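>>> Give me coordinates for this.
(2 chains)
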Amino acid sequence: SQTIHQWPATLVQPVGSPLSLECTVEGTSNPNLYWYRQAAGRGLQLLFYSVGIGQISSEVPQNLSASRPQDRQFILSSKKLLLSDSGFYLCAWSVYRWARQAQETQYFGPGTRLLVL
Amino acid sequence: DAKTTQPTSMDCAEGRAANLPCNHSTISGNEYVYWYRQIHSQGPQYIIHGLKNNETNEMASLIITEDRKSSTLILPHATLRDTAVYYCIVRVSVTGTASKLTFGTGTRLQVTL
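Okay, here's the model as predicted:
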């Protein structure tokens, strides 16, 4: 079965410091990978998605970047954190397949709670 | 992107069916309706999805109206562990094989004894 890992679970960082959040998926190959952010009391917002190694698409221009160095690894980074970067960061994976109808369901990891002070 | 409208909150007695409505009047013909739930401080959990026909799995049933402008998620026998925020989402393709899920504020379901 497939498993998705995110770390760290919680992070407190000062403004202006760098950021690196990691997400890995087990039990599948060539997945789509996604980074979402959830601000306090709000819904999830898609930040980046990737359909393959080295292929990154950004949905929202911001202070963050993403990379996919390996098939099942997705990294979210920032060179200098802002207060507004605080939030709950979620990684998700999916695999597209056709079975009676198009199937592309995203499965989410446990998330990283980031607090920028 | 198709927008969804859900009630802010609902209550349900344990053991009873929980029926969570969702309006998606601007949905396009090939867009799927997905339901997720999020228990406090956890990542969203996939529940069910559908296009036109009603769907059922081990967690829930999804009823989609014939005009596809609304749907209802049914938890047949709610338990305390079903207390969560439930999100109704219209899946939007960003490439041929990847999609964007736009989460609103969802419905906060409180299951009580």
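
>>> helices or strands up against the worst-scoring helix or strand of chain B on mean pLDDT?
Taking mean pLDDT, DSSP states H and E as the measure, chain B has strand B:92-93 as its least confident helix or strand, at a mean of 82. For strand B:92-93, the packing partners by 3 or more Cβ pairs under 8 Å, 6 or more residues apart in numbering or on different chains; DSSP states H and E come out as strand B:99-100. Bear in mind the C-beta positions are built from the backbone N, C-alpha and C, glycine included.

>>> and the next element down the chain from the strand it packs on?
Next along the chain after strand B:99-100, taking DSSP states H and E as the criterion, comes strand B:107-112.

>>> in that following strand, what counts as buried?
B:Thr107, B:Arg108, B:Leu109, B:Val111 (16 or more other Cβ atoms under 10 Å in any protein chain shown).

>>> Any stretches of chain A with poor pLDDT?
A:61, A:99-102 (pLDDT under 70).

>>> Just the element for the spatially most central residue of it, please.
Residue closest to the average C-alpha location in chain A (Cα atoms, centre = their mean): A:Trp35, at 2.5 Å. Element membership of A:Trp35 [criterion: DSSP H and E] is strand A:32-38.

>>> so what's A:Glu26 closest to, chain neighbours aside?
Nearest residue to A:Glu26, sequence neighbours excluded (Cβ to Cβ, 6 or more residues apart in numbering or on different chains): A:Thr3, at 4.5 Å.

>>> coming back round to it: wait, the residue nearest to the centre of chain A touches A:Ile56, no?
No - counting by Cβ atoms under 8 Å, A:Trp35 stays clear of A:Ile56, with 9.6 Å between them.

>>> Now do the shared contacts for the two.
A:Phe48, A:Tyr49, A:Ala66 (Cβ atoms under 8 Å, 6 or more residues apart in numbering or on different chains).

>>> tell me the secondary structure for the residue nearest to the first one when sequence neighbours are not counted?
To tie it back to what came earlier, the one meant is A:Phe48. Once flanking residues are discounted, A:Phe48 sits nearest to A:Ala66: 3.9 Å by Cβ to Cβ, 6+ apart. When classified by DSSP: H, G, I helix; E, B strand; the rest coil, A:Ala66 comes out as strand.

>>> Look at A:Ala66 and say how many residues are nearby.
Number of residues near A:Ala66 (other Cβ atoms under 10 Å in any protein chain shown) recorded here: 21.
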